[in-house]
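**Q** kindly generate the corresponding structure for this input.
(chains A and B)
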Protein chains: 2
Amino acid sequence: MRYSLISLLFLFGNYHLYAQKTTTKQDSLLVRQIFDEALVHGESYENLRSLCKDVGHRLSGSAGAEKAVVWGEKTLRKMGIDTVYLQEIDVPFWERGDREEAVLLTPEPRNLRIKTLGGSVASPGKIQAEVVEVNSLDEVTRLGTKIKGKIVFYNRPMDPRNISTFDSYGGCVDQRYWGAVQAAEQGAIAVIVRSMTLLEEGHHAHTGSMGYKEGVTKIPAVAVCTEDANALHNVLRTQSGMEMTLDINPRENPDVKSFNVIGEIKGSEFPERIITIGGHLDSWDVGEGAHDDGAGVVHSMEVLRILKAMNYKPKCTIRVVLFMNEENGNMGGKTYAKIMKQENQNIIAAVESDRGGFSPRGFSIRGTDDQVDFVAGFRSLLEPYGLHFYEKGFAGVDINPLAEDLNIVNPDILMMGLVPDSQRYFDFHHNDDDVFENVNKRELELGCASITAMVYLLDKYLNVNG
Amino acid sequence: MRYSLISLLFLFGNYHLYAQKTTTKQDSLLVRQIFDEALVHGESYENLRSLCKDVGHRLSGSAGAEKAVVWGEKTLRKMGIDTVYLQEIDVPFWERGDREEAVLLTPEPRNLRIKTLGGSVASPGKIQAEVVEVNSLDEVTRLGTKIKGKIVFYNRPMDPRNISTFDSYGGCVDQRYWGAVQAAEQGAIAVIVRSMTLLEEGHHAHTGSMGYKEGVTKIPAVAVCTEDANALHNVLRTQSGMEMTLDINPRENPDVKSFNVIGEIKGSEFPERIITIGGHLDSWDVGEGAHDDGAGVVHSMEVLRILKAMNYKPKCTIRVVLFMNEENGNMGGKTYAKIMKQENQNIIAAVESDRGGFSPRGFSIRGTDDQVDFVAGFRSLLEPYGLHFYEKGFAGVDINPLAEDLNIVNPDILMMGLVPDSQRYFDFHHNDDDVFENVNKRELELGCASITAMVYLLDKYLNVNG
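**A** Coordinates of the predicted model:
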């Protein structure tokens, strides 16, 4: 087949018109309407207040988590969503103990503000040993038998130079997750880890998950607040042989039954095509899980409310999943993906919010270059709302299993995570300060609107372009 | 002159190369170095702590303002800047009184949380009158003699739909500034104005400047916190003839002498070409003036520190001006511009920071379309640092007089303001909550680095392209 110059121009012309389709006047008006609805009649902030104050923190397996499931189901039903149901899963049930004490004995006894890391075993009563400071897992290996019988203090701080604080977290969290295994392999009896925060003088220890490895002795692991980590560092720098005591008594209970909470608006044209949006309902057992991930929960629920309030009928099914157990096992995310595969459900896209309730700046997209370009094609439409960031990257822990080998239903699934401003996230992450009062109403509402706008665009254009 | 196709291509080629100049590898490295310096060795946060805690709030004419001048000069000198000097100006000296009381008398006496507006006259003792709620200046005119002898309550809220909260402020602040004049022209005896904030249940009244007009009776003016404004609204909606009392005793003292505080690094190639950067040293007499505009003060000072720390020798003179009296008169900005004109100083660019210490998102540029394009040309270089916004707009109150008729030395002056995320600004603006604790260290430091990067680029490229 041959094209004349004219037909080639016509072709480009068509392409151009087609590209313009994604920024029609109607889209502009609808996106504006979405933001107006979120900012004027938004219910996310009051929902978050209720989740934080009526439920509180909600670690998997706890009474709080059970309450959160009831809360999620009730709140979705009150919104008048087509379908609300629970998806049963088994979750671990680890509990912090009532003893959580670390004391640096010399030069004079000093209580260190610690939190037991999630998953840690108890100490065998109060243990006492010399503290050895290290900066990396590798250093532990290099020290070898020199740390035998000792308590290893991982003190590499988060790198302040990264603009995204998640990069700094990623560059540091190996100490928290694998620190105990690495130290136990060399015979250490416990680990104490600098809290994962950029606060230089933080007063709270930040908890979080840690791991063990089969065949390696399980030793107790705690986080220490950065102010005390600095003090410990200063003592250890000038004096050798400093000893500390550690006494914690967490316990691992048998797995318990829990639930993902799901609400849907059925698609008007393609009900079998599903766009999943979600955040996680569980939190650590400190603070109120306001940013992590109460924000993601209310963001996601608000998408359905906004679409309903606008009387907008999506072509595809829009399904909110409030995932259980992201923090210590991800059984919610894994089970959801497994069931989707078993039932051959067609998830065409998934959007997650699990980076806090701060001013939204864009989306991190997991997909092919074409898919990233497709999403970035909405940039000019969404820039007036502060959404400038469209880059290839990680989408989210809860939805990630949807794209893993065993679970892939749709190999073309497009996944993305909302990217809010990250500067303050690790001030609140996994500690007592992650409370409702530290979330700003407008920032939260802008996040709701941003996800809703993206879901509207995916619903409208993904069938055509995706 | 005729061009062949080849020479045309060559021309475009050159243009292309020229455009690329602005994003050399060296620039990338230098900008990275600037951000590293700000984030690793930054002193802005400790400087802000000192300004907030050692000096405190600092309204023009007050002892606090005098202390701030000493602080500014001392802090700049400690930085080892080439030249530090004071520029004398005359400033108004208005003082809040020790009586500040408003009581809604019926249905039962209720104390309203108010702040006298800056510049207001005292009430003639305790006054009592019926309250009439209005939503605009126009409504006052329409009501005409119906408000004679009454207290006018301006209650139009800031519009939550704008993405930039400054737009909402701009759409509302006429009530605060001109409300008293408009009401007095119809014979009202006082005005009470809903606080300029998007907080729907704010507990603090937000002060700010208000104006009078020659020939119109000066009547007292106060702001009321939004929670009490809502309560007042609810009473007035259902009952007529509600009365309130008002008792305030501020006073206007004679003008006093004060100073702009100036520090410079002399240009190595073109010392006569000056890039002015600045924020304002004065604040309202509430809180600590942390975001408004302690942030701008320490942002600006930090630019010099960073350049010095990097041993970077700017081609042009980089001059920090800590302006006095932005809040109620702008005598610092006006005097600076007047002196520049008198001395025929060549200000090629001016950068202001007066929108708080939040995560920076870009720049608002006052200049020709070409100038906006010139600045936006740095976008790809600065986007990795979260700086996506480059739009034509207002640059800042302090530097604005440099571009006003009487003062223009350089008609090509390029002016811009740093644009941080605006969502939280009016939570703190002009009220008791504008304190150091509400500024995030990293957000502040990113602002310092953003301005420094822009100043580096202006210094390098403005002579060529500007």
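**Q** where's whichever residue of the stretch 201-350 of chain A sits closest to chain B, which helix or strand?
**A** Proximity to chain B, evaluated over the stretch 201-350 of chain A using Cβ to the nearest Cβ, is greatest for A:Glu201 at 9.9 Å. Just so you know, the C-beta spots here come from the backbone N, C-alpha and C atoms, and that holds for glycine as well. Assigned by DSSP states H and E, A:Glu201 belongs to no helix or strand.
**Q** what does the one 4 residues further on give?
**A** Mapping A:Ala205 onto the secondary structure by DSSP H and E places it in no helix or strand at all.
**Q** got a pLDDT number for it?
**A** Predicted confidence (pLDDT) for A:Ala205: 98.
**Q** against A:Leu387, how distant is whichever residue of the stretch 1-150 of chain A sits closest to chain B?
**A** Of all residues in the stretch 1-150 of chain A, A:Leu39 sits closest to chain B, at 4.6 Å by Cβ to the nearest Cβ. Separation of A:Leu39 from A:Leu387 (Cβ to Cβ, to the nearest Å): 15 Å.
**Q** the two: who's more crowded?
**A** Neighbour count, other Cβ atoms under 10 Å in any protein chain shown: between A:Leu39 and A:Leu387, A:Leu387 has more, with 25 against 20.
**Q** closest residue of the stretch 101-250 of chain A to chain B?
**A** The minimum distance from the stretch 101-250 of chain A to chain B, using Cβ to the nearest Cβ, falls at A:Pro160 (4.5 Å).
**Q** list the contacts for that residue?
**A** The neighbours of A:Pro160, taking Cβ atoms under 8 Å, 6 or more residues apart in numbering or on different chains as the test, are A:168, A:198, B:39-40, B:442.
**Q** A:Gly362 now?
**A** Neighbours of A:Gly362 in contact, by Cβ under 8 Å, 6+ apart: A:387-391, A:419.
**Q** filter those by proximity to chain B?
**A** When Cβ under 8 Å from any Cβ of the partner chain is applied, the members of these adjacent to chain B are A:388-389.
**Q** now, which of the contacts of A:Gly362 sits nearest A:Asp98?
**A** A:Val419 (38.9 Å; Cβ to Cβ).
**Q** partner strands of the helix or strand where that closest one lies, with direction?
**A** Assigned by DSSP H and E, A:Val419 belongs to strand A:414-420. Partners of strand A:414-420 in the sheet, by DSSP bridges, are strand A:346-352 (parallel), strand A:360-366 (antiparallel).
**Q** now render those as TSV, adding mean pLDDT.
**A** As requested, those are arranged in TSV below (pLDDT from 0 to 100):
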stretch	mean pLDDT
strand A:346-352	97
strand A:360-366	98
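**Q** low-confidence ranges, chain A, go.
**A** A:1-23, A:463-466 (pLDDT under 70).
**Q** near chain B, which residues of it show up?
**A** Contact residues, chain A versus chain B (Cβ under 8 Å from any Cβ): A:35-36, A:39-40, A:160-161, A:163, A:165, A:198, A:200, A:359, A:361, A:383-386, A:388-389, A:421, A:423-424, A:427, A:440-443, A:446.
**Q** give the buried subset of the residues you listed as a ChimeraX selection command.
**A** Burial among the residues of chain A next to chain B is assessed by 16 or more other Cβ atoms under 10 Å in any protein chain shown; the matching ChimeraX selection reads:
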select /A:35,36,39,160,163,165,198,359,361,385,386,388,389,421,423,424,427,440,441,442,443,446
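**Q** filter the residues of chain A next to chain B down to the ones in helices?
**A** A:35-36, A:39-40, A:165, A:427, A:441-443, A:446 (DSSP state H).
**Q** could you dump those to a markdown table with distance to B:Asn135?
**A** Output for those, formatted as a markdown table (distance: Cβ to Cβ, whole Å):
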| residue | distance to B:Asn135 |
| --- | --- |
| A:Phe35 | 23 |
| A:Asp36 | 19 |
| A:Leu39 | 19 |
| A:Val40 | 17 |
| A:Thr165 | 43 |
| A:Asp427 | 39 |
| A:Lys441 | 23 |
| A:Arg442 | 22 |
| A:Glu443 | 27 |
| A:Leu446 | 26 |
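**Q** out of the residues you listed, who's nearest A:Leu458?
**A** A:Phe35 (17.0 Å).
**Q** list the contacts for the residue in the stretch 251-400 of chain A positioned nearest to chain B?
**A** For the stretch 251-400 of chain A, the residue positioned closest to chain B under Cβ to the nearest Cβ is A:His388, at a distance of 3.6 Å. Taking Cβ under 8 Å, 6+ apart, we find A:His388 in contact with A:361-362, A:379, B:383, B:388-389.
**Q** can you do 10 Å?
**A** Counting by Cβ atoms under 10 Å, 6 or more residues apart in numbering or on different chains, A:His388 touches A:361-362, A:379, A:382, A:419, B:361-362, B:379, B:383, B:386-389.
**Q** do A:Pro109 as well
**A** A:Pro109 sits in contact with A:103, A:244-245, where contact means Cβ under 10 Å, 6+ apart.
**Q** likewise for A:Ser60?
**A** A:Ser60 neighbours (Cβ under 10 Å, 6+ apart): A:66, A:68, A:89-94, A:118, A:255-256, A:258, A:280-285, A:324-332.
**Q** assign the residue minimising distance to the centre of chain A to helix, strand or coil.
**A** Centrality entry for chain A: nearest residue to the mean C-alpha point is A:Asp354, 3.5 Å, by Cα atoms, centre = their mean. What DSSP: H, G, I helix; E, B strand; the rest coil gives for A:Asp354 is coil.
**Q** list the contacts for it?
**A** Neighbours of A:Asp354 in contact, by Cβ under 10 Å, 6+ apart: A:278-280, A:291-293, A:295-297, A:299, A:323, A:326, A:395-399, A:417-418.
**Q** buried residues in the strand holding A:Val419?
**A** A:414-420.
**Q** so which of these is the closest to B:Glu46?
**A** A:Pro420 (27.5 Å).
**Q** A:Cys448 is in contact with that closest one, correct?
**A** No. Using Cβ atoms under 10 Å, A:Pro420 is not in contact with A:Cys448; the gap is 11.5 Å.
**Q** need the residues touching each of the two.
**A** A:295, A:299, A:353, A:357, A:360.
**Q** could I have the strand holding A:Val419 exported to PDB, CA atoms only?
**A** Coordinates of each C-alpha in strand A:414-420 appear next as PDB, following Å, rounded to 0.1, in the frame of the first residue of the first chain:
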ATOM      1  CA  LEU A 414      -1.300  -0.500  34.200                       C
ATOM      2  CA  MET A 415      -0.500   0.300  37.800                       C
ATOM      3  CA  MET A 416       0.400   3.500  39.500                       C
ATOM      4  CA  GLY A 417       0.800   5.100  42.900                       C
ATOM      5  CA  LEU A 418      -0.200   8.600  43.900                       C
ATOM      6  CA  VAL A 419       3.000  10.600  44.700                       C
ATOM      7  CA  PRO A 420       2.400  13.300  47.300                       C
END
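**Q** and that strand, how far from the chain's centre?
**A** 11 Å (Cα atoms, centre = their mean, to the nearest Å).
**Q** now do the helices for chain A: every range, in order, please.
**A** Going by DSSP H, chain A shows helices at A:5-21, A:25-41, A:44-50, A:63-78, A:137-143, A:165-170, A:174-185, A:226-238, A:295-309, A:331-342, A:369-376, A:379-382, A:425-428, A:441-465.
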